[in-house]
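Trainee: Return a 3D structure for these sequence lines:
(2 chains)
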Amino acid sequence: MFKGEGFLPILFLLFPVITLSGHDKNPGIIEFNGFCPQELLVYRDSQVLYNGKAWYKRYTNVRGNEFFSTALWVSGEVSIKGRTFRVRSLRYDIANDELLIRRSDGVAIAMNGEMVSGFTLFAEGNSYHFKNFRGRGNYGMNGYAIGLYEGKTALLLKPVKELMPLGYQKIMDMFVQTDYLYVYKNGQVHRIRYRKDLLDLLDDKRNEIRNFIRTNRLNILPEQPGSIIPVLRYYDSLPEQKV
Amino acid sequence: MTGRGKHIRQVTTLISLTILCLGVKGQEGNGVLDRISQKFVNYCREYPWEEIYIQTDREEYISGEELWFNAYLIDRQSGKPGTESSIVYFEILNYDNRPVVQKRIRLEQGSGPGEIQLSDTLGSGEYLIRAYTNRMRNFLPSNCFMKKIIVYNALSNQEFKSISKLTTLTADTADPGGSDASNKGGFRIQVSGPGSGNRVLNIETTSDFRLANNNICYMLIQSRGRISYKSTISLSDNITVSNLPGTAFIPGISQVVFFDASGLPAAEKYLFTPAGKSGNATITAPVSCKKREKISIEVELNKELLTKLGSPEFSISVAESAGKSSPGIDDYIVFGSEFGFIPDEISGSLTGDVPDRIMESFLATIKSSWIDWKSILSGINPVLKYPGEKEFHYLSGRLMNRNIPVPGAYKYVFLSTPGKKASFRYAKTDEQGNFSFTLPVTGEPRDIIIQPESIEKDITIKMESSFSGAYPTTVSVPDTLPDDIRSYISRQGANYQVIKIYGSDMEEKNPGITALAGGLKRFYGKPDIELIMDDYIKLPVMQEVFFELLPGVSLRKKREEYEVTIADPVEIRIYEKPPVLFVDGVVVHDPAVIANLDPELVEQIDVVKERYAVGDYIFYGLVNIISRAGNYSCVELPEYAIRMPYRVADPVRVFSSPAYSDARARGSRLPDLRHTLFWNPEVKPDAGGKARIEFWSSDYATDYVVNIQGITPDGKTIILRKNIKIKVG
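Mentor: Residues are numbered from 1 along each chain as shown, chains lettered A, B, ... in the order given. Sure, this is the predicted structure:
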C-alpha cells in the first residue's frame, strides 16, 4: 500500500487539505536568520531553536535520499514552547523522523523532538505543516505527521522512507517512500490500509455512515485521504450512542 | 512669428517660471515641515515613553503596617495602559536615600497590585516611593514615578526627618539656562494670552536671522508625542505676531518648537494648558455611618468610559483621611516623569490650581528627557542600556577576577536550575565581563545556579541587582512635630499595636510554594542511555557503575585525578574534548565529584553520546547524574558558583477585613482599629459600568476617604474621591 513513488500523486490530491498559501509575514513569528546585533535575544532564541544532536550523514551509495520532498535546505517555520521561529534552512529526514536545522556556521542539528511542537516546510512552491504527535496521549503513532483533519477523531498522514536493500542484486540500495494513514479514535490510533479498515473502525455508527456515503456518492479511497475527511467530519457530528 | 508675439511669449514664459518657482518654494516649505513631522512621528513610535503611576491606600502609615498599592503602566503618547513592560520595580527610599523596601510587581494589561509590610523598625519621617520599569532605568534617577509618604514610629524616640529637597536632573541642573538655552541667537519668543483658549505668540527675530532664513521659519507644537499644530511662519518685521487657536494646544504641557529655514531647531518654549475637570463617573456612598456598620458604595461610570476595547478596571481604597491628597492619575500624567522630579509646589497641589507665575517659572526650567530633537532629526534613536521587559526579566551579572579588576571577557557563563529534568542555559560575557540571562515573567520561585564555563584562578561572579542604584539626591532635615501630631502618632501607634495583637486574617493570593521550580523536560531530550539504578544490583562505587552499566562511557582515575570519557558513536573513537558532566542538571567541572558520589544516592544516569548542540555551544557527549533528592544537595557548591532562590515577581496577598454580618460578631469585644477599611485593586464594573462595593466600618471613629483611580483601555482616566465619617456610638 502506497509503496514506491506514490507520494507525489497523494500530495496533489491533498492540495485542498495541505496549506497552499504563500508564507506572508506574520507579526507573531520571530524572524531567525542567524545572529543579529540584539545579542541577548539571539542567545536566548538560538538556545531554544538550536537544540539537538549534531547531525551526521548516515547514508552513502544510496539511490534517492532520506528527506521529505527535497534534499535541499528549505525555509520554514518551527514552533517551540509556544513560539514560532521562521528559519532559512530546514530539512525533514523521514527515514529517521528527525527535523534538521542548519546553523549559520553550517553545523546541522537534528532538533530535539521533545521540544518541537510542529513545523512547516516551504518546499517546491508548497507548504507542508507537520505536527509533533510524540507523547501526545495515546496517539500511539510517534513523531511528526500531517494532521489532515482533527476533530473528535483525527486523520493523520505520516510519510516514511525506508531503505530497500538491493545490494544482493549488485545495485545500490534505494529509499522507498510509504505514506501511512492513521485515524485517531477514542484515544487510539488505527492504521488505515483499505476502505474496509475505515468502515470497521466507524462500525458503531455503521448505518449512518453507509447512508452518508451512499447519499453523497462518496468514493472512499485510502489513496486519496481527502475523501476520508467528510466521512470523519460527519461521524464526529453524530450524537454519541447511549449504551 | 512677429517680434511682438515673440515678446509676449517670452513674458508669458517668465511669468510661468516665476509662478512655478514660487510654487516650488511653497512646496519646499511644506516639505521641510512634513519631513520634521514624519521624523517626529517615527521617533515617538520607535522610542516610546512609559509612565508609572502608583495608587497607595493611604499617604501616612505607622511602622509595621501594610501598604497596599496598585501600579499602572501608561504609554505617554496614547495615554493607554502600557503593554511593553510586564514588571514594575517598586521601592521605598528612606530619608537617608537608601531603599528600605524593594519589590518586583507583575503587570497584566498595564496594571498590577502590590502589597508590602513596612518594617516596624522604620523611624518617623518622610519616605519616597519610587517606581519604574527596566526601560525607565535608563533615565533614572529623575525620570520615574516618585511620591512622598509619611511613616510614624510611635515607639521610637528618634526625631522626625523630612525630605526637604529633591535634586534631580531637570534643565536647571543638567542644562544651565533651561529650555531657552536651545534658542539660537536672533530668536526670542513671548507668549501672551490665558492658559487656555487662543494665544498670541510674539516672535522677535533679528534682521540677520530673517536674511539668513529668507524671512521664514517653521513652528511645530507637540504634547506627549502628539503633534497638535504646525505651520510655516513668514517673518515680516522685528516682531512677528502669530495668533494660535486654542485647539493648537492639547491639555497638559505643550512644547512649541521653531525651526529655521533649513529645518534645524531655532527655539523652543513649554506652555501649560489646564484640562477642564469633568466628572466621568459618579459615586454613591453614605456621608456617615456607625461603628461596625455595613457600608455600600456604588460607582457608576459614564458611558464614555465604556469602550469596545474591554471593560475598564479601577482600584479603590477606603482609608483614614490624611487631610491633603496626592495627585490623582490624571494630574500626575500631565507631567509624568518626562520632565524629571516635579517640585512640591507643582505636584502637591492639583495642577489646575497652580498659580500662573509659579507654573511659568517652572516651565522655564524644564527639559524633556524623551523628546530630543537632535535624535529626532538625525533619525538615530538613543541606545538604551536597559531594554523593556515584556516577556522576560533580565538577570544580569559580571564575571571577574576577585583580586584584580580584570573582567572575564567573552566567556561562557552557565545558568542551571537543579532538578530531575535538567535545564541548561548559557550566556556569553562582553568585553567588560557582563552577562545577562532572560527569565520568564512568572511569580514562581526558582532555584538558580550560575557558574563560569572555565574555572580560572580567583574567578568570581557578581550578580547585579535588578533595582537601580541611581538614587535621587535628597537632603533630609530633622523636623519638630507639633503636639497634636504627637498625640495623633501615639493614637495611631496604639491602634497598630491592637491590630497586631488581635491579629488579622490576611491570606496569600499565591500560597507559599515550597517546591522550587525546575524544567518540565530534559533539555537534551531522550538520552542515548537512561540508566535507572534500581533496575540493577547495587554497586559500591560510581567507578564500577560506569564500568559495568554504561557502555562507551568511562570514569577512571588517572594519576591523582578522575576523568570521564565518551566514545563518539559515529567516529567510534574517544572524543578529544571531555563530556560535560551534570549532577541534577547542574554542570560539574570536577569528575571527582561524581566519582565520590554514593551510588545509593543516585536514582538515574542519563548519557548522550553524540555531540549535542545548544545554541552555538557544543557538548562532546554529556552525562547527567540524577540524585534521588534531585535538588543538587548531594554536592557541595564550588566557590566560583552562585546559588540563589529567585522570584521574578513578588507574590501579592489579598486584602481582607472583618465582617460583622451577625450579632455575635458585632458584639465581639475584640477591638477593630483598622486604618484602611477596604482595598481592592481590581474592581470590574458590569457591562453597564456599575460596580457595588460592600465592607464594614471599624471601631475607629474618624474621617475616611474613598479614593478611586483607574484607566480605561482607551486611555481615559477614572478619578473619584468622597469622604465618609464613622461616628462614635
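Trainee: Any stretches of chain B with poor pLDDT?
Mentor: Low-confidence segments of chain B, defined by pLDDT under 70, span residues B:1-29, B:165-186, B:193-196, B:276-279, B:308-310, B:347-353, B:481-484, B:486, B:499-519, B:729.
Trainee: Report the central residue of it.
Mentor: Here the mean C-alpha position of chain B is nearest to the C-alpha of B:T133 (C-alpha atoms, centre = their mean), at a distance of 1.7 Å.
Trainee: Tell me where chain A has strands.
Mentor: Listed in chain order, the strands of chain A (DSSP state E) span A:29-32, A:51-54, A:62-63, A:74-80, A:83-93, A:98-102, A:108-111, A:116-123, A:126-132, A:144-150, A:154-164, A:173-185, A:188-191.
Trainee: Compute the number of surrounding residues for A:R91.
Mentor: For A:R91, the neighbour count with other C-beta atoms under 10 Å in any protein chain shown is 25. Yep, even glycine has a C-beta here, placed from its N, CA and C like the rest.
Trainee: between the strands of chain A, which gets the lowest average pLDDT?
Mentor: Mean pLDDT is lowest for strand A:29-32 among those, at a mean of 51.
Trainee: And the residue of the stretch 451-600 of chain B closest to chain A?
Mentor: Of all residues in the stretch 451-600 of chain B, B:G525 sits closest to chain A, at 4.0 Å by C-beta to the nearest C-beta.
Trainee: need the contact list for the nearest residue to that residue once chain neighbours are set aside.
Mentor: Leaving aside its chain neighbours, B:G525 sits nearest to A:N112 (4.0 Å; criterion: C-beta to C-beta, 6 or more residues apart in numbering or on different chains). By C-beta atoms under 8 Å, 6 or more residues apart in numbering or on different chains, the contact list for A:N112 reads A:N51, A:G52, B:F523, B:Y524, B:G525.
Trainee: What of A:R58?
Mentor: Remark: with contacts taken as C-beta under 8 Å, 6+ apart, A:R58 is in contact with A:E66, A:N96.
Trainee: Just the pLDDT for it.
Mentor: Predicted confidence (pLDDT) for A:R58: 87.
Trainee: And it, how close does it get to A:Y168?
Mentor: Computed as C-beta to C-beta, to the nearest Å, the A:R58 to A:Y168 distance reads 21 Å.
Trainee: Assumed B:N97 was part of a helix.
Mentor: No: the assignment for B:N97 is coil, going by DSSP: H, G, I helix; E, B strand; the rest coil, so no helix is present there.
Trainee: right, and it touches B:P472 too?
Mentor: Yes: under the criterion of C-beta atoms under 8 Å, B:N97 makes contact with B:P472 at 7.2 Å.
Trainee: For my notes, confirm the residue of the stretch 451-600 of chain B closest to chain A occurs in a strand.
Mentor: No: under three-state DSSP, B:G525 sits outside any strand and is assigned coil.
Trainee: Could you give the number of residues near it?
Mentor: Here the neighbour count serves as a burial measure; for B:G525 (other C-beta under 10 Å) it reads 19.
Trainee: before we move on, what about B:G710?
Mentor: As a burial measure, the neighbour count of B:G710 was computed by other C-beta under 10 Å and equals 28.
Trainee: quick one, what contacts it?
Mentor: Counting by C-beta under 8 Å, 6+ apart, B:G710 has contacts B:P312, B:E313, B:F314, B:S315, B:I329, B:V683, B:T717, B:I718.
Trainee: Give me the buried entries from the residues you listed.
Mentor: Buried members of the contacts of B:G710, scored by 16 or more other C-beta atoms under 10 Å in any protein chain shown, are B:P312, B:E313, B:F314, B:S315, B:I329, B:V683, B:T717, B:I718.
Trainee: Now, these that are in strands?
Mentor: By the criterion of DSSP E, membership of the buried ones among the contacts of B:G710 in strands covers B:E313, B:F314, B:S315, B:V683, B:T717, B:I718.
Trainee: I'd guessed the third one sits against B:Q55; true?
Mentor: Yes: in terms of C-beta under 8 Å, B:S315 counts as a neighbour of B:Q55; the distance is 5.4 Å.
Trainee: Mutual contacts of those two, please.
Mentor: When contacts are counted by C-beta under 8 Å, 6+ apart, the set common to B:S315 and B:Q55 consists of B:N70, B:P681, B:Q709.
Trainee: In a markdown table, list those residues along with distance to A:L155 and neighbour count.
Mentor: Compiled in a markdown table, the shared contacts of B:S315 and B:Q55 are given as follows (distance: C-beta to C-beta, whole Å; neighbours: other C-beta atoms under 10 Å in any protein chain shown):
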| residue | distance to A:L155 | neighbour count |
| --- | --- | --- |
| B:N70 | 50 | 26 |
| B:P681 | 49 | 26 |
| B:Q709 | 54 | 23 |
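Trainee: So which residues on chain B come close to chain A?
Mentor: Those residues of chain B that sit near chain A, judged by C-beta under 8 Å from any C-beta of the partner chain, are B:387, B:392, B:394, B:425-428, B:436, B:438, B:521-526, B:570, B:608, B:610-616, B:618.
Trainee: Show me how to select, in ChimeraX, the buried members of these.
Mentor: Provided next is the ChimeraX selection string for whichever of the residues of chain B next to chain A are buried by 16+ other C-beta under 10 Å:
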select /B:387,392,394,425,426,427,428,436,438,522,523,524,525,608,610,611,612,613,614,615,616
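Trainee: one step back: any idea which of the contacts of A:N112 is closest to A:Y149?
Mentor: Ranked by distance to A:Y149 (C-beta to C-beta), those are led by B:G525 at 28.9 Å.
Trainee: and that closest one, what does it touch?
Mentor: With contacts defined as C-beta under 8 Å, 6+ apart, B:G525 is in contact with A:G52, A:N112, A:G113, A:E114, A:M115.
Trainee: Which residue is the nearest non-sequential neighbour of the fourth one?
Mentor: The shortest distance from A:E114 to any residue that is not its chain neighbour, by C-beta to C-beta, 6+ apart, is 4.5 Å, and that residue is B:G525.
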